[in-house]
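> Dropping a prediction and its sequence here:
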Amino acid sequence: MFELGDIVQMKKPHACGTNRWEVTRVGADIKIKCLGCGHLVMLTRRDFTKKLKKVLLPAAEVDPEQEPQYVRPAPLQRP
Ligand SMILES: [Zn+2]
């Protein structure tokens, strides 16, 4: 399973050579952002599930200071 804000690994790396993606939108379609270059990719949920290799880091454990491209989703922000 995956959640908004998770960092995931796909079966194929992005063209830039990075295989770390942030899940930036979860709905009927899934949007992921390459953490190497910031490129956005939109996939259907079915495609995403097919291409997902594994969740590298759950959203709650991501340290945004270590991930320049990472944007913490609003619902996870804590005071
Ligand atoms: Zn990339």
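Noted; the coordinates are in hand. Numbers count the residues shown, from 1 in each chain.
> any idea of the pLDDT on residue 76?
Note on residue 76: pLDDT of 54.
> now do the one 3 residues further on
If you check residue 79, the pLDDT there is 58.
> any weak-confidence spans in the chain?
75-79 (pLDDT under 70).
> what about the helices in the protein?
Using DSSP state H, the helices assigned to the chain run over residues 45-51.
> which bits of the protein sit near the ion?
Within the chain, the residues that sit near the ion (Cβ under 5 Å from the ion) are 14, 16, 18, 34, 36-37, 39. For glycine as for every other residue, the C-beta is placed from the backbone atoms N, C-alpha and C.
> neighbour-wise, which of those residues leads?
Tallying neighbours with other Cβ atoms under 10 Å puts residue 34 at the head of the residues of the chain next to the ion, with 21 neighbours.
> Leaving aside the residues adjacent along the chain, what's closest to that residue?
residue 14 (4.5 Å; Cβ to Cβ, 6 or more residues apart in numbering).
> One more: residue 48?
Nearest residue to residue 48, sequence neighbours excluded (Cβ to Cβ, 6+ apart): residue 30, at 4.1 Å.
> what about residue 5, how many neighbours?
When neighbours are counted by other Cβ under 10 Å, residue 5 comes out with 23.
> before we move on, what about residue 51?
Neighbour number of residue 51 under other Cβ under 10 Å is 16.
> re earlier: pull the most distant pair out of the residues of the chain next to the ion.
Largest separation among those by Cβ to Cβ: 18 and 39, giving 9.2 Å.
> In contact with the residue nearest to the spatial centre of the chain, which residues?
With distances taken as Cα atoms, centre = their mean, the residue of the chain nearest its centroid is residue 22 (1.9 Å). By Cβ atoms under 8 Å, 6 or more residues apart in numbering, the residues touching residue 22 are 5-8, 32-33, 35, 67, 69-71.
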